[in-house]
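Q: what follows is a predicted structure for the sequence shown.
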Amino acid sequence: MPLTRRQATAAALAAVPLAFGAAGHARAAERRSRTLYIAGDSTAAQKSARLAPETGWGMALPFFLHKDRPVANHAVNGRSSKSFVDEGRLDAILGVIQPGDFLLVQFAHNDEKAEDPTRYTEPWTTFQDYLRLYIDGARARGARPVLATPVERRRFDAEGNAVTSHGEYPAAMRALAVEEDVALLDIEALSLALWQRLGVEETKKYFNWTATEQDNTHFNPPGAIEVARLVAGELLHRRVLARRDVCRLDAEIPESWITWP
């Protein structure tokens with residue numbers, strides 16, 4: 001039997017809350033907590049109190065991300081793309097990562113150590129092969145893989161020009177990102193430009209230079225904060241995250257925000 005006008009109107013009004021409710025649920029799902037996992041080495045890793053003031057950039061990344069984009073920093077000192085996998089650390093991430101999460105992968109510092117077969121990878125073969133394990137593992141679980149070229153060391157030539165130290169690893173990662181259609185954060189290029197802009201003496205304020213140590217690879221709090229700012233900016237620039245996901249990109253971050261467990 002055809003609906004009367006009154007019955008049709010009542011049915012339409014009854015459906016309105018359901019429509020708005022569905023839209024509300026969709027917005028809520030979109031803004032649910034989506035974790036950014038970091039797989040990497042000592043340049044990103046969480047440091048203990050005994051290593052202070054050495055600071056990984058992953059310790060500072062949460063300062064630039066919205067609370068709905070928490071960071072799970074699995075980076076560990078001394079690991080390469082190979083040893084991280086061989087020790088079961090990638091499996092540990094893949095065991096908990098959820099659809100919609102992110103897996104940010106930065107290696108090369110230790111992949112370069114040809115004298116150590118437990119860590120060494122060759123840029124255009126085994127390095128790329130291991131990186132594919134991270135990419136495929138994340139995608140199989142509905143998460144988004146993101147590659148980050150390795151942050152540059154503090155290294156200058158006799159004329160005061162910042163020079164690269166990672167050989168062909170960054171180029172191999174860039175090529176793989178194109179081949180696999182993966183977002184790439186070019187932290188190697190951005191950090192090199194930053195060190196060039198700061199110069200020989202000023203960069204010492206960003207690395208772990210102390211009264212007893214002159215470390216041109218690892219950061220102190222100011223250095224970790226500035227590299228994390230580069231990472232967050234690239235996550236936005238490469239459209240991995242939206243503007244609402246990041247914060248304080250142009251703000252001064254107090255060093256006191258850094259803590260060592």
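A: Thanks, I have the structure now.
Q: does A162 touch L190 like I think?
A: No. With contact defined as C-beta atoms under 8 Å, A162 and L190 do not form a contacting pair (11.7 Å). Glycine gets a C-beta too; all of them are placed from N, C-alpha and C.
Q: need the helices for the stretch 101-250 of the chain, in chain order.
A: Here the stretch 101-250 of the chain has its helices, by DSSP state H, counting those that start in this stretch, at 128-140, 169-180, 187-202, 221-237.
Q: and the second one, what does it pack onto?
A: Just to be clear, that refers to helix 169-180. helix 128-140, strand 144-148, strand 183-185 (3 or more C-beta pairs under 8 Å, 6 or more residues apart in numbering; DSSP states H and E).
Q: export those as CSV, with columns for distance to T121, mean pLDDT and mean neighbour count.
A: Output for the helices and strands packed on helix 169-180, formatted as CSV (distance: least, C-beta to C-beta, whole Å; pLDDT from 0 to 100; neighbours: other C-beta atoms under 10 Å):
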stretch, distance to T121, mean pLDDT, mean neighbour count
helix 128-140, 6, 98, 18
strand 144-148, 14, 98, 24
strand 183-185, 18, 98, 21
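Q: for burial, what's the neighbour tally of C247?
A: Residues within reach of C247, counting by other C-beta atoms under 10 Å, total 15.
Q: now do the contacts for it.
A: The contact partners of C247, by C-beta atoms under 8 Å, 6 or more residues apart in numbering, come to F64, L65, H66.
Q: how about the nearest residue to the last one, chain neighbours excluded?
A: Same thing as H66. Spatially, and ignoring its direct neighbours in sequence, H66 is nearest to D245 (5.1 Å; C-beta to C-beta, 6 or more residues apart in numbering).
Q: got the confidence number for that neighbour?
A: Listed pLDDT for D245 reads 97.
Q: quick one: contacts for it?
A: Neighbours of D245 in contact, by C-beta under 8 Å, 6+ apart: L65, H66, D68, R69, L235, L236.
Q: ok, G100 touching G142?
A: Yes. Counting by C-beta under 8 Å, G142 is a contact partner of G100 at 6.7 Å.
Q: these two: who's more crowded?
A: Taking neighbours as other C-beta under 10 Å, G100 and G142 compare with G100 leading, 15 against 11.
Q: and the pLDDT at the residue nearest to the spatial centre of the chain?
A: Central residue of the chain (C-alpha atoms, centre = their mean): L104, 4.1 Å from the mean position. With respect to pLDDT, L104 scores 98.
Q: for it, which non-adjacent residue is spatially closest?
A: Per C-beta to C-beta, 6+ apart, closest to L104 is V146, 4.7 Å.
Q: repeat that for T210.
A: P53 (7.1 Å).
Q: equivalent analysis for T126, please.
A: The spatially closest residue to T126, leaving aside those adjacent along the chain, is K82, at 6.9 Å (C-beta to C-beta, 6+ apart).
Q: just confirm that neighbour is within a helix.
A: Yes. According to DSSP: H, G, I helix; E, B strand; the rest coil, the state of K82 is that of a helix.
Q: please report how far it lies from S165.
A: K82 is 19 Å from S165, where distance means C-beta to C-beta, to the nearest Å.
Q: who has more neighbours, the two?
A: K82 (22 against 18).
Q: next up, the contacts around the more buried one.
A: D111, T118, R119, Y120, T121, T126, Y130.
Q: buried subset of those?
A: Among these, the ones that count as buried by 16 or more other C-beta atoms under 10 Å are D111, R119, Y120, T121, Y130.
Q: ok, now how distant is the last one from A143?
A: Plainly put, Y130 is 18 Å away from A143 if you go by C-beta to C-beta.
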